[in-house]
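Visitor: A predicted structure for the sequence below; I have some questions about it.
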Amino acid sequence: MRDIVISIRNDFVAEAVVRSLMKSGDFRPFKLLFSCEDEVVHECEAIKPEILLSEVAFGKNTDLKTRLEEVKEVRKKVPNCKIVFLCDENSAPDLAKEVAQAKKDGIIENFFYSSVGSSYLVAALTAL
């Protein structure tokens, strides 16, 4: 069973991801609440997950700059944690390009568009 921290602001999407991961039987998901700015780093330090799945969007605590700062801190505290971003390529195509560039630059292990099916997402995360 692999621990995965889910940092997705959209509760509908977050719950769907959590359900799919739990259903697979391969993951123990920890869905974060957006109560404080440093929660992602603190929770990753406490849980020591194998994967951090973070939504990148336009909004408080989900913008790319904030997420990249979190990546740096998580890597310091949990060096073996694989970082995966989730973004909406339809409503934010420029942001999606920047996320793809972060993957090319080796800053994150992978990224997915929010339009991918849950079974594909789970399979891809299992393969990490």
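Guide: In hand now; what should we look at?

Visitor: mind checking which helix or strand the spatially most central residue of the chain is in?
Guide: Nearest to the mean C-alpha position of the chain, by C-alpha atoms, centre = their mean, lies residue 53 at 1.7 Å. Assigned by DSSP states H and E, residue 53 belongs to strand 51-55.

Visitor: rewinding a little: what residues are up against the residue nearest to the centre of the chain?
Guide: 4-8, 17, 84-86, 125 (C-beta atoms under 8 Å, 6 or more residues apart in numbering). (C-beta placed from N, C-alpha, C; glycine too.)

Visitor: cutoff 6 Å now
Guide: 6, 84 (C-beta atoms under 6 Å, 6 or more residues apart in numbering).

Visitor: what's the answer for residue 1, then?
Guide: Neighbours of residue 1 in contact, by C-beta under 6 Å, 6+ apart: residue 28.

Visitor: Kindly provide the distance from it to residue 14.
Guide: 20 Å (C-beta to C-beta, to the nearest Å).

Visitor: and if you look at residue 127?
Guide: 22 Å.

Visitor: neighbour count winner among the two?
Guide: residue 14 (20 against 7; other C-beta atoms under 10 Å).

Visitor: So, low pLDDT: which residues of the protein?
Guide: 34-38 (pLDDT under 70).

Visitor: tell me which element residue 69 falls in.
Guide: Residue-wise, residue 69 maps onto helix 64-77 under DSSP H and E.

Visitor: What about residue 43, how many residues nearby?
Guide: A count of nearby residues for residue 43, using other C-beta under 10 Å, gives 18.
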